[in-house]
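Enquirer: for reference, the sequence and a predicted model appear below.
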Amino acid sequence: MPYINDTYANIKNRLLDWLQVDDTGGNVSSVSLDLINRAQAWLWGYRAWAYFITTSSLTLTNKAVALPADFGRIVRVWHDSDSDGKPDFFYHHKGDVARGYELRDAFLKASGHAWTITFYSNPTYTPKLEYMKLLPDFAGSGTEYSYFPGELILRTAQMLHYGDAEMVGNEYSIVKDLQAQALRDYEQSHQYVNEDSIMPINDDQGQRVEIDSFAMDGSTDGYTNNYDPSYDRG
């Protein structure tokens, strides 16, 4: 059974064996489908998962643009003036005139959310939106692969089910501990993996700041250092 390529059908069967209930009873048409989708939604909202984050270039009309259909939450907004793929300038929600924007949601009960970004000033370069994508619900038919490991989905679904039943005691504690362990294992293997430990110094616009490097006698050694001097590059 693969760790990160499990299917909905496998997760559902394991959950049903644990639930030992009629999957089609009550007002919810499928208890297992409902719990698995709720578990997936709970995990999606738990953290800005690195592999869910994507970047989209924004084409503005009158300083505004509708956000992508799979938009879930903003990570950051920036532009890349030298086309090296790295941010050179950051925009902030309700920031100043040069660097600010407003996130607006024209929500309607009939149609749901409709997110737009409106900048206070026309950006000099094409702004880029770094955001966390939404994860579609399982439909419960056909072959559907799970983004999260099946064990993590299963344990989260069990935890939510016990929460609905307002259960307390050893059984709930065991399930909660197993869910926390599965979540910890997933975080350790998929979040902040192989990150650069060196911390560059940036100004309030995201531009790299270079500082003089000095020898032990106080004299400059002739080059600039754009890394935090508290970190030794070895």
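Expert: Ah, there it is.

Enquirer: go through the longest strand along the chain and flag the buried ones.
Expert: Longest strand of the chain, by residue count under DSSP state E: strand 71-79. Neighbour counts over strand 71-79 (16 or more other C-beta atoms under 10 Å) mark 71-72, 74-75, 77-79 as buried. In short, each C-beta sits where N, CA and C put it, glycine included.

Enquirer: parallel or antiparallel, list what pairs with the one helix or strand residue 131 maps to.
Expert: Element membership for residue 131 (DSSP states H and E) is strand 128-133. When pairing is defined by DSSP bridges, strand 128-133 lines up against strand 53-57 (antiparallel), strand 71-79 (antiparallel).

Enquirer: where's the shortest one relative to the chain centroid, distance-wise?
Expert: Offset of strand 53-57 from its chain centre (C-alpha atoms, centre = their mean, to the nearest Å): 12 Å.

Enquirer: buried sites along it?
Expert: residue 56.

Enquirer: avg pLDDT for that strand?
Expert: Mean pLDDT, strand 53-57: 96.

Enquirer: helix, strand or coil for residue 10?
Expert: Secondary structure, DSSP: H, G, I helix; E, B strand; the rest coil: residue 10 is helix.

Enquirer: wait, it sits on residue 150?
Expert: Yes. Counting by C-beta atoms under 8 Å, residue 150 is a contact partner of residue 10 at 5.8 Å.

Enquirer: what ranges does this structure have for its strands?
Expert: Shown for the chain, the strands assigned by DSSP E span residues 53-57, 64-66, 71-79, 89-93, 100-105, 115-119, 128-133, 211-214, 220-225.

Enquirer: distance to residue 141 for the buried residues of strand 71-79 - can I get that in TSV?
Expert: Formatted as TSV, the buried residues of strand 71-79 follow (distance: C-beta to C-beta, whole Å):
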residue	distance to residue 141
71	26
72	24
74	33
75	33
77	38
78	40
79	43
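
Enquirer: out of the residues you listed, which comes closest to residue 175?
Expert: Nearest to residue 175, judged by C-beta to C-beta, of the buried residues of strand 71-79 is residue 72 at 27.3 Å.

Enquirer: okay, now the unreliable bits of this structure?
Expert: Applying pLDDT under 70 to the chain flags the ranges 1-3, 25, 168, 199-200, 204-208, 210-234.

Enquirer: for it, longest helix please?
Expert: With secondary structure taken from DSSP state H, the chain has its longest helix at helix 170-190.

Enquirer: and the longest strand of the chain with strand 115-119, angle?
Expert: If you take axes from the mean of the first three to the mean of the last three C-alpha atoms, to 10 degrees, strand 71-79 sits at 20 degrees to strand 115-119.

Enquirer: tell me what angle strand 71-79 forms with strand 100-105.
Expert: Using the same axes, to 10 degrees: strand 71-79 against strand 100-105 is 160 degrees.
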